[in-house]
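# Predicted model follows, preceded by the sequence.
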Amino acid sequence: MFNDVLQDVANMSVIKLPILVFIAQSALAAACADLYSLHPPNTAITLAQTVEAGALPMTGPGQTPNIFKTLPAFCRVAATLMPSPDSDIRIEVWLPAENWNGKFQAVGVLLCEGADTAACLTAAQVESARKLYGPVVNSAGTKIFPGFSPGSEMGWDLLAGAEPIADPVGSFKYVVFKNPDWDWTTLNFDSDVAALEKAFEPAVDSNQPDLRAFAGRGGKLIMYHGWNDHLIAPGNTVDYYNAVLYTMGVTRTNESVRLFMVPGMMHCRGGDGTPDFDMIPELDNWVEQGRRRTGWWRPEPIRIGRAPCAHIHW
């Protein structure tokens, strides 16, 4: 299959990493507001704002109250990258206001050096975060489900709390094992996941990548997924789209199926990016007038300049 996620990240990193390093090095020697005066190559700084400890406002519906109350003070920097005349790449970086070691990875000052406090992570918490970012695998190392994307962290309290949410546990209890006393801590990623797939496949699964019959009838499908989704990993939708491309080919897929990955959007809606948008007019234009959107999509409202873009296949 085409590995869109890895290729997207690799290509974007070539553009973004030098800019991040430039901003970070400058931030170590300057006040937050002074970053406005920076002029990195092909880059415009659009925001350089000090956010006091616990003062970041909530955005999006259904968030846990005061989820940012223990967040230390930081410098919030947004920039627009323009490596080519038609580029419009938006990034945002949060730089600790003090005691930062200049590293982007979740090590160093984020790892508690002494007592466990709200300002640091224990070694076990760091390992838990890495597992959340990484894919779920079975004993053979085969990927079962992709991990969560950076940006989803503010919703981890739902899936990474002391107890799992009820829906998946209930699926195993009442559909797979038909045992209300089933203990979720006994989950076997080999046999139990296989049993889950067998139980749900006839009635629930919708992962068939062969859409040729649908396309042959003139069907059009627009999919979207928020990169900050904290309930269903967005990589799963990308994997499905890749499977459609592999099965139907690029040309036929482009004639019938489009995928828009939405920066900053959480589960279906909400978040710091585009919180909501109406796809019906886009679908109408495609079906009735043959106008297929091929690039950036700028619905309103857009928070801090992020917009969905048609997913790229390589």
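On my side now, so go ahead. Residues are numbered from 1 along each chain as shown.
# Once you drop chain neighbours, what's closest to Ala243?
Pro209 (3.7 Å; CB to CB, 6 or more residues apart in numbering). For every residue, glycine as well, the C-beta is placed using N, CA and C.
# Next one: the one you found relative to Met248, how far apart?
Between Pro209 and Met248 the computed distance is 8 Å (CB to CB, to the nearest Å).
# Could you look up the SS state of Ser46?
Not quite, residue 46 is Thr, not Ser. Using DSSP: H, G, I helix; E, B strand; the rest coil, the structure places Thr46 in strand.
# Number of residues surrounding it?
Here the number of neighbours of Thr46 (other CB atoms under 10 Å) works out to 15.
# if I pick Lys69, what's in contact with it?
Contacts for Lys69 were tallied using CB atoms under 8 Å, 6 or more residues apart in numbering; they are Gly54.
# Identify each buried residue in stretch 151-167, please.
For stretch 151-167, the neighbour count (16 or more other CB atoms under 10 Å) marks 151-156, 160 as buried.
# Reformat the residues you listed into a markdown table and put secondary structure, distance to Cys75 and pLDDT next to each item.
Formatted as a markdown table, these follow (DSSP: H, G, I helix; E, B strand; the rest coil; distance: CB to CB, whole Å; pLDDT from 0 to 100):
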| residue | secondary structure | distance to Cys75 | pLDDT |
| --- | --- | --- | --- |
| Gly151 | coil | 18 | 84 |
| Ser152 | coil | 22 | 87 |
| Glu153 | helix | 18 | 86 |
| Met154 | helix | 19 | 81 |
| Gly155 | helix | 24 | 84 |
| Trp156 | helix | 23 | 86 |
| Ala160 | coil | 27 | 80 |
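# Ala140 belongs to a strand?
No: Ala140 is assigned coil when assessed by three-state DSSP, not a strand.
# Begin at 39 from now on, thanks
Shifting the count to begin at 39 puts that one at Ala178.
# Could you report the neighbour count for it?
7.
# Which residues are in contact with it?
Neighbour list for Ala178: Asp228 [criterion: CB under 8 Å, 6+ apart].
# Now do the phi/psi pair for it.
phi -90, psi 0 (degrees, to the nearest 10).
# While we're on it, how confident is the model there?
Per-residue confidence at Ala178 stands at 90 (pLDDT).
# what separates it from Val131, distance-wise?
Distance of Ala178 to Val131, computed by CB to CB: 38 Å.
# try Leu94
14 Å.
# can you tell me the helix or strand for Asn280?
helix 272-286 (DSSP states H and E).
# what helices or strands is that helix leaning on?
helix 42-66, helix 250-254, strand 259-264, helix 288-294, strand 295-300 (3 or more CB pairs under 8 Å, 6 or more residues apart in numbering; DSSP states H and E).
# Domain parsing of the chain, as residue ranges.
Using automatic domain parsing, the domain ranges for the chain come out as 57-140, 202-238, 250-348.
# How about Leu73, nearest residue that isn't a chain neighbour?
The nearest residue in space to Leu73 (CB to CB, 6+ apart) is Ala86, at 3.9 Å.
# Next: Gly256.
The shortest distance from Gly256 to any non-neighbouring residue, by CB to CB, 6+ apart, is to Val325 (7.7 Å).
# measure the one you found to Ser294 for me?
11 Å.
# list the residues that contact both of the two?
In terms of CB under 8 Å, 6+ apart, Val325 and Ser294 are both contacted by the residues Lys258.
# Those two: which is more packed in?
A count of neighbours by other CB under 10 Å puts Ser294 above the other of Val325 and Ser294, at 20 against 13.
# was I right about the more buried one contacting Ile260?
No: at 10.2 Å, Ser294 does not count as touching Ile260 under the criterion of CB atoms under 8 Å.
# all helices of the protein, in order?
Counting by DSSP state H, the chain has helices at residues 42-66, 161-171, 194-197, 204-208, 229-238, 250-254, 272-286, 288-294, 318-327.
# what sits up against the fourth one?
The set of residues external to helix 204-208 that reach it, using CB under 8 Å, 6+ apart, is Trp222.
# Apply 10 Å and report the result again.
197, 201, 211, 218, 220-222, 225, 234, 269 (CB atoms under 10 Å, 6 or more residues apart in numbering).
# buried sites along stretch 292-310?
The neighbour-count check on stretch 292-310 (16+ other CB under 10 Å) flags 294-305, 308-310 as buried.
# which one of those is nearest Phe106?
The closest of the buried residues of stretch 292-310 to Phe106 turns out to be Asp310 (CB to CB; 11.7 Å).
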